[in-house]
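In: predicted model follows, preceded by the sequence.
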Amino acid sequence: MSKLLRICRALRCLPNQRRSSATRHSRSSSLYRSPAISPASLAEVQAVARKHNMNIDDEELEQYTEHVNKYIQEAYNTIDLFPEPGLPVKYLSSPGYLPSQKDNPYNAWVRITDTKGSPTGKLSGKTVAVKDNAAIAGVPMTISSQFMSGYVSPYHATVVSRLLDAGAFIKGKVAAESMCFSGSSFTSYPAPVLNPHDKERSAGGSSSGSAVTVAVGDVDLAIGTDTGGSIRLPASWCGIVGLKPTHGLVPHTGIFPLDRFMDYNGPMTRTVKDCALMLEVIAGYDNGLDPAQPVNLTVPNYSELLSGNISGKRVALIKEGFDGSEPDVAETVRKAAKSLESLGATVEEISFPAHIDIGGPAAILLCEGSYDTFISGGLSPLNSRGYKDTFAHDFHFNARKAKADQLPISKKNLILGTAFVREKFGCHFYSKAVNIVRSFVAEYDRLFEKYDVLVMPTIKFKAPKLPKTETPVGDLLNQHLTMATNTEPYNATGHPALSINAGFSEGLPVGMMIVGRHFEDATVLNVAYAFETIRDAEK
């Protein structure tokens, strides 16, 4: 048994198994190697002790320091000799180039690339935009922020590899809200993303560039991510289709996370058929690299299940999802939902107070989980299996110490508020929120025993005007997440939810959200397809 395994097993760091000698560097050389971690000084260990409220006298401090350094040498400096397995890169990409303003009238593109995949496949001939928090090997990934400027991933996100395997052509990276923490489109660096229906208005976020490039026809498909509504919100305000799949259906490997409890990624397209086709390409088990995925995950051919036959389907309009909506938004969505009756569906409006009550726990999960990802757990959750991105972690760790002033206002607000609560109460409220959400999931599941899908406006109001330069920080903070009241609950419960354009009012798109049972994404897509057929026949 190797010395490293004995040490780490004693420290409960590794499972009881051997590693192949072929996977490690030779450690028999007597040549000097620069250590990964230099020995700790007495002063450094004393500082750590004080930080953790421990009083240690000088004699004991020397002994502790000796053992700390022994641990560092035998564990950390030894593990540094092992080569780290990475993710495969089958298709190469150039670093690309920055788009000109002429070619980027909505500020939606971050970088233009020419990443070609397989010459054949389900997506052959389809063009794709990738949100700037999903890795493309060799292409800079800034997450539309100054904070991450300079980071280049050495590998593809799993969904990127799957798109390329299916024959897609990736045209480039597109803008997100800065660090993906806003539902509007004004925090994106270096410029706000503009709504294609009115350039003075928000495009929605945080997958703003994904929605805009699909809406204006720059690409056929786009990858978006969704931690509180960030696929569905811009899909609503830009008038396209956006699906947040069931939790764990699509792997998040290689995508910059906010909180793995609430994180999703999924397709953004102009049609439901393209949405279904893209989903069947990117969904599926990732060989244990994403711990959120069930092992027995199966993926149907979603596009082949789009019949438009919804006869006998039971549709519930959630009253609380309409309450407080602009009257024209509520009317547009009700009319769209009622049109499903013409195809044999039953549509009725019901009251479901849990839709409102879950808002507080869901917000705590989003904010405290994102805080942990940023401050404590690196970019991959600790105490879990799966792929750990040490490249992104190291860059982010150093940026956090050197570039915190360059974080967007939304992220600064998150850190200040959550750090205040954590200092006083630890993880009490986060833990309580996790426990409470389980009871809400059970309530939703009981509702789904009676209804096949739930329907409500994706957002209760039409796209607002973008803020001006002189807008105070407080007013900006009031605008960056107010649109997510209907979308965020389903990040917490894990149910699939899709936004589709229900119509227009005052020249602006209005989104209708369709929510389904866990892993019944096919039903959600088929109901959306049925509505799309009705809607387009009226044009």
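Out: Structure received.
In: quick one: low-confidence parts of the protein?
Out: 1-29, 377-381 (pLDDT under 70).
In: pull the number of nearby residues for Pro35.
Out: 12 (other CB atoms under 10 Å). C-beta: built from backbone N, CA, C; applies to glycine.
In: contact partners for it?
Out: 73, 77, 80 (CB atoms under 8 Å, 6 or more residues apart in numbering).
In: select only the buried ones of those residues in ChimeraX?
Out: A single ChimeraX command selects the buried members of these (16 or more other CB atoms under 10 Å):
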select :77
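In: how far away is the closest residue to Leu306 other than its chain neighbours from Thr523?
Out: Leaving aside its chain neighbours, Leu306 sits nearest to Tyr529 (4.5 Å; criterion: CB to CB, 6 or more residues apart in numbering). Tyr529 sits 10 Å away from Thr523, going by CB to CB, to the nearest Å.
In: who's more crowded, the two?
Out: Using other CB under 10 Å, the more surrounded residue of Tyr529 and Thr523 is Tyr529, with 23 against 18.
In: what about the host helix or strand of the more buried one, distance to the chain center?
Out: Using DSSP states H and E, Tyr529 sits within helix 521-537. Put simply, helix 521-537 sits 25 Å off its chain's centre (CA atoms, centre = their mean, to the nearest Å).
In: show me what that helix is packed against.
Out: Secondary-structure packing of helix 521-537 (3 or more CB pairs under 8 Å, 6 or more residues apart in numbering; DSSP states H and E): strand 241-244, helix 272-282, strand 453-457, strand 497-505, strand 508-516.
In: those: which one's closest to Leu466?
Out: With CB to CB, the closest approach to Leu466 among the helices and strands packed on helix 521-537 belongs to strand 508-516: 13.5 Å.
In: contacts only, for Asp103.
Out: Per CB under 8 Å, 6+ apart, neighbours of Asp103: 109, 112.
In: again, 10 Å this time
Out: Residues near Asp103 by CB atoms under 10 Å, 6 or more residues apart in numbering: 109, 112, 218.
In: quick one: contacts for the nearest residue to Ser376 once chain neighbours are set aside?
Out: With CB to CB, 6+ apart as the measure, Leu382 is the residue that lies nearest to Ser376, at 7.8 Å, once sequence neighbours are left out. Shown in contact with Leu382 (CB under 10 Å, 6+ apart): 372, 376, 388.
In: can you pull out the strands in the stretch 251-400 of the chain?
Out: 264-269, 314-318, 346-350 (DSSP state E, counting those that start in this stretch).
In: just put the ones you listed in CSV and tack on mean neighbour count and distance to Leu305.
Out: Output for the strands of the stretch 251-400 of the chain, formatted as CSV (neighbours: other CB atoms under 10 Å; distance: least, CB to CB, whole Å):
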stretch, mean neighbour count, distance to Leu305
strand 264-269, 29, 15
strand 314-318, 20, 18
strand 346-350, 14, 21
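In: which among those is found nearest to Pro509?
Out: Of the strands of the stretch 251-400 of the chain, nearest to Pro509 by CB to CB is strand 264-269, at 13.6 Å.
In: which stretches of the stretch 1-150 of the chain form strands?
Out: Under DSSP E, counting those that start in this stretch, the stretch 1-150 of the chain gives strands at 109-116, 127-131.
In: could I get these as CSV with mean neighbour count and distance to Ala235?
Out: As requested, these are exported to CSV (neighbours: other CB under 10 Å; distance: least, CB to CB, whole Å):
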stretch, mean neighbour count, distance to Ala235
strand 109-116, 20, 18
strand 127-131, 28, 13
